[in-house]
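> Below: sequence and its predicted model.
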Amino acid sequence: MNTPKNRKKSAPGLTQPTDKPARGDTAGTRSLLPEIEMKRLVQELEVHQVELEMQNEELRQTQEALETSRNAFAELYDFAPAGYFSFDPQGLVRSVNLLGAQLLGLEREHLLGKPMSRWIPDADGRKVFSKHCADVLRREGNDICEIWLQRANGMKFHARLRSIAKESVEGTHGAIRSMIVDVTEEEKLKIALQNAHGELEQKVMERTRELLLTNKRLVLEIGVRKDTEESLRMAIKEIKQLKDRLQAENIYLQHEAAQKFNFGEIIGQSSAIAHVFDKIEQIASQNTTVLLQGETGCGKGVVARAIHARSARKDRAMVTINCTALPANLIESELFGREKGAFTGASARQMGRFELADGGTIFLDEIGEMPMELQCKLLRVIQDGEFERLGSPRTIKVDVRIIAASNRKLEEEIKNGSFREDLYYRLNVFPITIPPLRARKDDIRLLVNFFVAKFNKKIGKKIETIPKEALEALENYDWPGNVRELESVIERAIIISKGPSLQILDQFNTSPKPSETSGADVKALVDLERDHIIHVLQKTNWRVEGKNGAAAILDINPSTLRARMRKFGINRNSI
Ligand SMILES: Nc1ncnc2c1ncn2[C@@H]1O[C@H](COP(=O)(O)OP(=O)(O)OP(=O)(O)O)[C@@H](O)[C@H]1O
C-alpha cells in the first residue's frame, strides 16, 4: 500500500506548480511568506488532497467488500440447517435466523424482543431454559439442553439447544447464542430404538426363562431316562438269565427227548432198542472190548460210534475196518502196517490201522470174515496190545479199545471151524445184540420221520406228510435189510415224490414172517442169501464186477460180494 510518505516521493508529477497565491490567503500572510514557499505549500496541499481521494476510494472498496461479505454471511446465517438465536440474559430474543423463525412458524420481526419462554409450552421446560441460560452465562461455555417448543400453529416439537455465551463488553451483560435443532424424529427413533431394545431384552429374558425351564425339564428327563436305562439294563439282565435258564431247560428237554426217542444218532423208542441204549450206557465209559451182533443194516455201526462217542476216547479217532471190504491179502497190512518192500507192490512204508487208532477205538466190522491166520494176530493185539508191522521185526505197542461186530452167529462159525474160539471169548466180553427192525416195529414210524427230515434237507425237498397207507405198508414189511433198507426206501421215495406228500413206489413183499427168536430161521435167511448170490452169479455167468456183473445186480460192492462168496464158500467149481 502506498503510504502518504511514499506517495509524496513517488508522485511528485501529480503536484501542479502554480504561481497563484492560495485562495483565502490574506494580503498579510502573502506578505509574510515568500512566494516560493507559498507555492511549495500549495503543492503539498494538492498532494494531500490526491492522497485523501485515494484513501477514500480504498475505503469505499473495503466497505463494498465488507457489504458483500456481510450479505454472504447473512445468507449463510439465514439458510443454515439449524435455527440460530441470540438471547439477552433475560431470555429475550435479540436476533434469529430465517430457519429459527421458521422452526417457530413466525416472521422474524414477531420474534425479536420477545421472551423465548413464550414458545415453551410447559412450566418445566421454561425452568430448564432459564437454568440453561444462567448456566451458559456463568460458565461462558458450551451447554446443551432439550425442551419442548410450540410453533405458532400450536404444534409441539422436541428441540435441542446448544448454546454458548457471548462475551460481555464493558457496561453490557453479555448474550447467549443458541443453535436450535428439531430432534423430534431423532427422539422418536431413539424411543423406538429404546422400545425395541426393551422388547428385545424382554424377549431375551422370556427366552432365557424358557431355556432354563427346558433345561430343568431336560435334566429331569435325563434323570428319568437314566432310571429307565437302569431298569432296562436290569430287565435285559433278567431276560438274559431267563434265556439262559430256558436254554438250559431246552437243552435239558432236548436231552430228555433224545433220551426218550433216540440215542445220539440212534433213533428208536421201542423197548428192544431201549435195552440196547442201556447196555451202551453201561459199557461206554469202560475200556472193555465189545462184541456187537445183529443182522446186516440193523445199526451195529451206529452203536459202535455211540459207544466211542460216550467214552473217554471220544476226542481220538474211531478207526473202522470192514473185514469184508478188504481183499484177504491186504487185511494184514491194513491192520498192522508194513515196511517198504514187505511184499511185492509195497513201495512205501505204511502205518497200520491199529497204530492210527492208538489212544482211540478200532471198530472191526464183519469180524466173522477175518481170515483164520489173522485171527491169531488179532488175539495177540487184544491180549497184549502188541504187533509187528509186515516186514519189520520191531514190536509196536498200542492202547486201543476194540469194538467188533458180526452179522453172523460166531458160535456157529466156531463150530464150522472158521472162527477161533479163544478170539471169540476175548471179543465176547460184553456182547450187545441189536434186534432186527422187524422186532422193533415201534421204531419204524420214528425212523421214517427221521429219514424224511434228513433227506428233505439233503435233497432240498419239502415232504410234509406221509400217507397212512404208506406208513402201514412200511410197518408191515419184514425189513430183511433192516434200517439200512428202510433208509434207502425213504431216500428213493423222497427223490421221486412230487409235492408235499411222500410217495413210495417200492412194492413190499409181506411173505410169511420168520420167527425173530428162532436160530433156525436166521440160518434159513442166510441160506436164502447164499442161494440168491449163487442164482445171480449163474445168471451173469460168474461175472462179479462190471456193469452187468452180479455185484451191480445185487447193488453191493464187488469186494463185499467176494467176501460173501468166501463166507458162504461159493465158487464156480464147487457149485
Ligand atoms: N437206530 C437207528 N437210527 C438211525 N439210523 C440208523 C439206526 N440204525 C441204523 N441206522 C442207519 O442205517 C444204516 C445202516 O446202519 P449200520 O451200518 O450201523 O448197520 P450195520 O448193522 O453195521 O450194517 P452191516 O452189518 O451191514 O455192517 C446207516 O446209515 C445207519 O445210520
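Sure, I can see it. Numbering: from 1, shown residues only.
> Let's see the pLDDT reported for residue 167.
Predicted confidence (pLDDT) at residue 167: the value is 69.
> same thing with residue 234?
You'll see residue 234 listed with a pLDDT of 90.
> Contacts only, for it.
With CB atoms under 8 Å, 6 or more residues apart in numbering as the criterion, no residue contacts residue 234. Every C-beta, even on glycine, is put in place using the N, C-alpha and C of the backbone.
> any idea how far residue 228 is from it?
Remark: distance between residue 234 and residue 228 (CB to CB, to the nearest Å) = 10 Å.
> ok, now residue 404?
Residue 404 sits 67 Å away from residue 228, going by CB to CB.
> Can you list the helices and strands that the longest strand along the chain packs against?
Identified as the longest strand of the chain according to DSSP state E is strand 156-166. Contact here means 3 or more CB pairs under 8 Å, 6 or more residues apart in numbering; DSSP states H and E; on that basis strand 156-166 packs against helix 123-139, strand 143-150, strand 175-182, helix 184-261.
> Minimum distance to the ligand: which of the ones you listed has it?
Taking CB to the nearest ligand atom as the criterion, the ligand comes closest to helix 184-261 out of the helices and strands packed on strand 156-166, the separation being 10.2 Å.
> now the angle from the closest one to strand 143-150?
100 degrees (axes from the mean of the first three to the mean of the last three CA atoms, to 10 degrees).
> ok and helix 184-261 relative to strand 156-166, angle-wise?
120 degrees.
> Please compute how far helix 184-261 lies from its chain's middle.
When C-alpha coordinates are averaged (CA atoms, centre = their mean, to the nearest Å), helix 184-261 and its chain have centres 21 Å apart.
> Likewise for stretch 98-111?
82 Å.
> Pull up the distance across that stretch, start to finish.
11 Å (CA to CA, to the nearest Å).
> cool, stretch 284-295 as well?
Its start and end residues considered, stretch 284-295 measures 22 Å (CA to CA).
> same deal with stretch 281-298?
The first residue of stretch 281-298 is 19 Å away from its last residue (CA to CA).
> Stretch 464-476: which residues count as buried?
Of the residues in stretch 464-476, 466, 470, 471, 473, 474 count as buried by neighbour count, 16 or more other CB atoms under 10 Å.
> Which of those residues sits closest to residue 351?
residue 474 (44.4 Å; CB to CB).
> tell me which element that closest one falls in.
Secondary structure assignment for residue 474, by DSSP states H and E: helix 468-476.
> what's the following helix or strand after that helix?
Following helix 468-476 in sequence order, the next helix or strand is helix 482-496 (DSSP H and E).
> That next one packs against which elements?
By 3+ CB pairs under 8 Å, 6+ apart, helix 482-496 packs against helix 442-459.
> which two of the buried residues of stretch 464-476 lie the greatest distance from each other?
By the measure CB to CB, 466 and 473 form the most distant pair in the buried residues of stretch 464-476, at 10.6 Å.
> hang on, the earlier thing: could you list the paired strands of the longest strand of the chain along with their orientation?
Pairing partners of strand 156-166, with direction, according to DSSP bridges: strand 143-150 (antiparallel), strand 175-182 (antiparallel).
> Pull the residues that contact the last one.
When contacts are taken as CB under 8 Å, 6+ apart, the neighbours of strand 175-182 outside the stretch itself are 82-89, 94, 100, 103, 133, 136-137, 149, 157-166, 168.
> Residue 420 contacts residue 379, correct?
Yes. Assessed by CB atoms under 8 Å, residue 420 is found in contact with residue 379 at 6.8 Å.
> Now distance to residue 53 too, for the helices and strands packed on strand 156-166, in TSV please.
Below are the helices and strands packed on strand 156-166 laid out as TSV (distance: least, CB to CB, whole Å):
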stretch	distance to residue 53
helix 123-139	48
strand 143-150	52
strand 175-182	40
helix 184-261	58
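> Just give me the neighbour total for the closest residue to residue 433 other than its chain neighbours.
If the residues on either side of it in the chain are set aside, residue 433 comes closest to residue 293, at 4.9 Å by CB to CB, 6 or more residues apart in numbering. Per other CB atoms under 10 Å, the neighbour tally for residue 293 reads 21.
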